[in-house]
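A.B. asks: Sequence and computational prediction follow.
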Amino acid sequence: MKDQNIEQLLDNNKVEEVIAEICNKVINYYIFPEVAEKISSYLLDNLNKSAYQNITDPRELQKVITNDLHKISNDLHFYFEYNPRMAKELMLRDYDQQEDEYIDEHELKLSLYDNYHIVKAERLPGNIGYIKINEFQPAEYAGDVMVGALQFLANTYALIFDVRNNGGGYPSMVQLIISYLVGPSSKILNTFYERKKDKYSQTYTLPYVPGKRFFEKPVYVLTSRRTASAAEEFTYNLKMMERAVIIGETTRGAANPIDYFPISEMFVISLPIGKPINPISNENWEGKGVSPDYPVPQEEALKKAHLLALNEIFKSVSDQEKKELLEFELEYCKAKYEGIEIDKKALKDFQGEYEGAKIVIVNDKIIYERKNVKYPLITRDNKTFFANEAVKLLFEVENQKKVLIIHQRNFPGKLKLYKRM
């Protein structure tokens, strides 16, 4: 939530001052000098044509200027924002002397409500780990939460990272997560060039991380057109390292790292100051995005990744007991993701009470009820039915009696229940 103080109205003199400051910052810091000149010329030309005249609402100026910046640069990292609180903080910071990136501690504090945007860590059927991250917060603040999520899933057979709703964040979190996915020897993730200081810096994987690493387990990354910035760096790095399978949609294409600058005491501009250079491709994803290995609509990415992971693990497991567990849950997942409508007419005569169980049809659903818990059944062939990932049902006729056969994932053999007359 941004500063909502709308009492600071603009006049034409103030707008002229703001445009001049924007042009100064763009000329001095934007990564592409030729484009910076075009942006400055465009804004000043618009000012001379009175395009910004009589804009008194700071939020209206925010919208107009941001659109103009995008129109000329086609750079999605450009953003101009009305934010007096942040502007005042930035005015105390000397960018040319500051080595560390700016962290908006107010926004960071608010992100605690969303658990630093690490919104889900879950064991999926088949012992597949799933982590949903909607923003990469600084590792020095959110790292313990991410480490906790990773260690919670330390015994899973594969990991799925969901960044479909992730618009970016801080490279330090990218560095931390990838460090868990590779061995302990340091590897270059990216070289960053910064135009104003004319310097190169590099980020490496960390030689030490607490807890278990995952460097031998399959990794999958889910993407969408909303995936941007640091989330794209995460995806791109793993793709170039051939460490992950990318599933979903081509990402947004916002590569260039930013910094924030105050524009008067009212506004802030997010300005791309450099560019990443991947050590493997010698380029980056700016304007192109990261293309998936399996292009599917983003809403289908999770089920695609889950089935791919299960099939891959199933082929690689030699332990017979584990293989049987995986086969059971792979069959369940296929029913879940590729299920068809149950033939209710064929099962009509199987309705009724069994020994400790019931089969009923409610609102066109077949319900399996046991110990007062109700499970809607799913199927992909109308032969085998699942109540959940641990219970499989078959319906048969034996000596003219209706039989409910129950397979439980963790128990050998079959449980036969006969329908009561």
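C.D. replies: Okay, I see it.
A.B. asks: For the stretch 51-200 of the chain, which segments count as strands?
C.D. replies: With DSSP state E, counting those that start in this stretch applied, the stretch 51-200 of the chain shows strands at 79-82, 118-124, 128-133, 158-162, 188-194, 199-204, listed in chain order.
A.B. asks: Same list, those strands, but as CSV with mean neighbour count, mean pLDDT and distance to residue 36 please.
C.D. replies: From N, CA and C alone the C-beta is placed, and that goes for glycine too. Formatted as CSV, these follow (neighbours: other CB atoms under 10 Å; pLDDT from 0 to 100; distance: least, CB to CB, whole Å):
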stretch, mean neighbour count, mean pLDDT, distance to residue 36
strand 79-82, 21, 94, 15
strand 118-124, 16, 97, 36
strand 128-133, 23, 98, 33
strand 158-162, 24, 98, 35
strand 188-194, 19, 95, 14
strand 199-204, 13, 94, 18
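A.B. asks: Out of those, which is closest to residue 412?
C.D. replies: strand 118-124 (23.1 Å; CB to CB).
A.B. asks: how about that closest one as CSV, C-alpha atoms only?
C.D. replies: What follows is strand 118-124, C-alpha atoms only, in CSV (Å, rounded to 0.1, in the frame of the first residue of the first chain):
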residue,chain,number,x,y,z
ILE,A,118,6.2,-17.5,-0.2
VAL,A,119,2.6,-18.5,-0.2
LYS,A,120,2.7,-22.3,-0.4
ALA,A,121,5.0,-25.3,0.3
GLU,A,122,3.2,-28.5,-0.3
ARG,A,123,3.9,-32.2,-0.8
LEU,A,124,2.0,-33.3,-3.9
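A.B. asks: Now do residue 297 against residue 303, distance only.
C.D. replies: Using CB to CB, to the nearest Å, residue 297 is found at 11 Å from residue 303.
A.B. asks: typed the wrong thing, it's residue 332
C.D. replies: For residue 332, the distance to residue 303 - CB to CB - is 13 Å.
A.B. asks: again with residue 166
C.D. replies: Residue 166 is 19 Å from residue 303, by CB to CB.
A.B. asks: next one: residue 26
C.D. replies: Residue 26 sits 44 Å away from residue 303, going by CB to CB.
A.B. asks: When residue 297 and residue 303 are compared, which one has more neighbours?
C.D. replies: Counted by other CB atoms under 10 Å, residue 297 and residue 303 do not tie: residue 303 has more neighbours, with 16 against 10.
A.B. asks: does that one sit in a helix or strand, and which one?
C.D. replies: Taking DSSP states H and E as the definition, residue 303 sits inside helix 301-316.
A.B. asks: Tally up the residues packed near residue 261, please.
C.D. replies: The number of residues near residue 261, taken as other CB under 10 Å, comes to 24.
A.B. asks: try residue 286
C.D. replies: Counted with other CB under 10 Å, residues neighbouring residue 286 total 19.
A.B. asks: nearest residue to residue 28 other than its sequence neighbours?
C.D. replies: Nearest non-adjacent residue to residue 28, counting by CB to CB, 6 or more residues apart in numbering: residue 196, 6.4 Å away.
A.B. asks: on that earlier part again, got the contact list for the helix holding residue 303?
C.D. replies: 124-128, 130, 157-158, 160, 162, 164, 218, 220, 222-224, 245, 247-249, 294, 296, 323, 326-327, 329-330, 333-334, 336-337 (CB atoms under 8 Å, 6 or more residues apart in numbering).
A.B. asks: can you do 6 Å?
C.D. replies: Residues outside helix 301-316 that contact it (CB atoms under 6 Å, 6 or more residues apart in numbering) are 124, 126, 128, 157-158, 160, 218, 220, 222, 247-248, 294, 296, 326, 330, 337.
A.B. asks: And the strands in the stretch 301-421 of the chain?
C.D. replies: Under DSSP E, counting those that start in this stretch, the stretch 301-421 of the chain gives strands at 352-354, 357-362, 365-370, 373-376, 378-379, 385-388, 391-398, 401-408, 415-418.
A.B. asks: Relative to residue 187, which of these is closest?
C.D. replies: Residue 187 lies closest to strand 385-388 among the strands of the stretch 301-421 of the chain, at 40.9 Å (CB to CB).
A.B. asks: what pairs with the closest residue to residue 393 other than its chain neighbours across the strands?
C.D. replies: The shortest distance from residue 393 to any non-neighbouring residue, by CB to CB, 6+ apart, is to residue 385 (4.5 Å). Judged by DSSP bridges, the bridge partners of residue 385 are residue 379, residue 393.
A.B. asks: which residues does residue 385 contact?
C.D. replies: 377, 379, 393.
A.B. asks: and if we set it to 10 Å?
C.D. replies: Counting by CB atoms under 10 Å, 6 or more residues apart in numbering, residue 385 touches 335, 339, 342, 347, 359, 366, 368, 375, 377-379, 391-395, 404.
A.B. asks: Please report the distance of the residue positioned nearest the centre of the chain from residue 28.
C.D. replies: Central residue of the chain (CA atoms, centre = their mean): residue 163, 1.1 Å from the mean position. Residue 163 sits at a distance of 33 Å from residue 28 (criterion: CB to CB).
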